[in-house]
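Undergrad: Fold the following for me, if possible:
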Amino acid sequence: MESPGHGHGHGQDAESGIIFEQRLYKSLTLILKNVSDYLHLLEENVTFFNYHRVTSHQFTSNGSDDMPNSNGIGPNTFWFILQVFLLSGIVRILNRYFTKSSLVQQGTEVIFTWTIVILSLPLTILPLVTLLFWRALLSVFLRIRYNGVVVLMNPFDSVWSFENPHSTSTCIGLYVIKGDGDLGRIRQLLNTRVLEKEDENGDRIYDRFRWSIVNIFGFMCWRKKTPGYDLNSHIRHFEGKLIGPDAVWTEYDLFRELGELHDISLNRNGKSPWEILIIPKFRTEVAKESMENHYAIAFRIHHSIADGISMGHILHSCIGDEPFIFSVDPTSPLKISKFTVAISYIIAFLMLPQITLRNLFFLEKNSFHTEKILTGPKTFSWSRPIRLDTVKELKCQTNTSVFAVLLSCLTGSIRNLYEKHGQNVPDVIHACPPVAILPYPDRKPRNRFSIVLYPLATGKADPVERVNAVFKASKKLASSPEVLSNYYIVYILGLFPFVLLKFFAPLAHATLTFSNIPGPTGKVAVFNGDELTEIGAWIPIKNRIGIGMALFSYSDKLRVTFIGDKACLPNTDDVELLRDYFETEIVELSKVFHIKKENIFI
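TA: The predicted structure is shown next:
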């Protein structure tokens, strides 16, 4: 799995940068006004400060005039910070239009944003200390009151706990399996292999599947013993609203039923938020003429329990009869030194204020991303199976990566949909994908991710130019501290109480989200010998992000999945068009390198 990257386009990206600076400087004007008022207050109290200066000389050896004010910053220190602040701003402006040095630009931005942090400490330090104190106090209360049964959520779990009626945190994994889908047998095997599976210390590895989400004094918590836990209510037949119980389900039937179900939160009725829905008779479009029996499993799970990588671990260590080899194993150690890792985290911390301000002031508007919160309903689809060897050949021909090839085709499909709607095609739109922080320490369920703003060059009509632009953005992100800085930001957000999560969540501004999930390199047998034939995964779309795409490889092929909300894709066939345009883009890119269409799809 190649990590997605961050880069800057020209047209809309440059405009976004200007808008960011305008908003930032408007905010700084307000800060400077407050600074002016603050200094005026100092002047009015000069006698007070002079008295303390005289007193300070009696107790200090250097006779410093830099006495602290009531906020802990002395006047001279304050003036020095302010001068650094203004000087870095001036240098930044001059560099932008004259020297144009990226190193100077980066350095002045770091200094500029850190001075904002220091100047705002009197306003922020007390709320932060109060928050941490309250969480510590609540943790002690929970330990005494519930004897360890209820615990505060890990911050990375907590950020997914907030949901609206049409913005749920539901992840979906679809497994199409050759065989007879006997409900009793599947229940028994899942109970043994997943729910009762223990580690070397005798602890249940997947004990989270017995937990439920509760709100205690405004903070999201895990209840480790869910009252009335019933395995049969979690693993059951998929009782569709629109299709009879004995019918053979098609892809169309399944996606329509998932759309009906998706806006209903799994976190309800005090239950553990997951379910496995079994379709005893199922046919994909590829195998619809087959006489062999197939069944399907739709694994619906709340993102607070586990991320996409952890769901792959469940297939690897539990559902599969034998562990398999991942295309990229998330638990494999990174081939870099601990010193390099440490330096990366330090740089990410230094860049934290700059990246936080950019995220805060970033605003994207286009016809597929508006100010509206999602309204539902959702539409599901997936591509035809694509030969992995063909994608690898395109990677070699373009001298890029598998990820860049696929993402450039997804970008092209968005471009085509703009044109279909008669809309102006923006030069650049942005995606907000989750990025796994590797390596994972083990295969237990967890959330271990960051997020990034990823530019997609929709303005490039030529498929080769587009794949090169996407690859360039990927390389830039791979060397950027943004992933690790945003990792800190996600953690900090997860510390907040529910009401603040509810406030900050809609501020995410990007047109779409996507995920790249590593899968098995070979065929997998499940449930004592049944052959797994197809895999797909759908990621949550929430708040104002109404388009989601995911890549999941399996053996010698891969599927690309699509989900859309009516608020962003108003036409009933928009998601299907995205899928069709994606497949067209792969064909067009293949034509450039003389790859035949029959060698693309299975």
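Undergrad: Residues contacting stretch 325-336, please?
TA: Stretch 325-336 is contacted by residues 1, 309, 312-313, 316, 341, 436, 438-443, 518-522, 553 when judged by Cβ atoms under 8 Å, 6 or more residues apart in numbering. Just so you know, the C-beta spots here come from the backbone N, C-alpha and C atoms, and that holds for glycine as well.
Undergrad: Out of those, which end up buried?
TA: When the contacts of stretch 325-336 are checked for burial by 16 or more other Cβ atoms under 10 Å, the buried set is 1, 309, 312-313, 316, 436, 438, 440, 443, 518-521, 553.
Undergrad: and these, which of them are in helices?
TA: 309, 312-313 (DSSP state H).
Undergrad: Could you single out the nearest of the residues you listed to Asn543?
TA: Checking these against Asn543 with Cβ to Cβ, the nearest one is Ile309 at 22.7 Å.
Undergrad: pLDDT at the closest residue to Ile429 other than its chain neighbours, what is it?
TA: By the measure of Cβ to Cβ, 6 or more residues apart in numbering, the closest residue to Ile429 outside its immediate chain neighbours is Thr511, 4.4 Å from it. At Thr511 the predicted local confidence, pLDDT, stands at 93.
Undergrad: My guess is Thr511 contacts Ala431. True?
TA: Yes: Thr511 is within contact range of Ala431, at 6.8 Å (criterion: Cβ atoms under 8 Å).
Undergrad: Closest one of the ones in helices among the buried ones among the contacts of stretch 325-336 to Pro227?
TA: The shortest distance between Pro227 and any of those, using Cβ to Cβ, involves His313 and amounts to 28.2 Å.
Undergrad: Look up the closest residue to the closest one, ignoring the ones flanking it.
TA: Once its chain neighbours are removed from consideration, His313 has its nearest residue in Arg443; the separation is 4.0 Å (Cβ to Cβ, 6+ apart).
Undergrad: what's the pLDDT at the one you found?
TA: 93.
Undergrad: Ser450: which element?
TA: Assignment of secondary structure by DSSP states H and E places Ser450 within strand 449-451.
Undergrad: and that strand, how far from the chain's centre?
TA: Per Cα atoms, centre = their mean, to the nearest Å, the displacement of strand 449-451 from the mean C-alpha position of its chain is 5 Å.
Undergrad: Likewise for stretch 431-451?
TA: Using Cα atoms, centre = their mean, the mean C-alpha position of stretch 431-451 is found 9 Å from that of the whole chain.
Undergrad: Would you mind writing the CA trace of it as CSV?
TA: As requested, C-alpha coordinates have been extracted for stretch 431-451 and formatted as CSV (Å, rounded to 0.1, in the frame of the first residue of the first chain):
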residue,chain,number,x,y,z
ALA,A,431,-9.8,14.5,-0.8
CYS,A,432,-9.5,13.8,2.9
PRO,A,433,-8.3,10.2,3.3
PRO,A,434,-7.4,8.4,6.4
VAL,A,435,-3.7,7.3,6.4
ALA,A,436,-2.6,4.3,8.6
ILE,A,437,0.3,5.0,10.9
LEU,A,438,2.5,2.0,10.4
PRO,A,439,3.6,-0.4,11.8
TYR,A,440,0.7,-1.7,13.8
PRO,A,441,2.0,-3.2,17.1
ASP,A,442,-0.3,-6.3,16.7
ARG,A,443,-3.5,-7.5,15.1
LYS,A,444,-5.9,-6.4,17.8
PRO,A,445,-8.7,-4.1,16.7
ARG,A,446,-7.8,-0.4,17.1
ASN,A,447,-7.9,2.9,15.3
ARG,A,448,-4.4,4.1,14.3
PHE,A,449,-4.6,6.7,11.6
SER,A,450,-4.1,10.2,10.6
ILE,A,451,-5.8,12.3,7.9
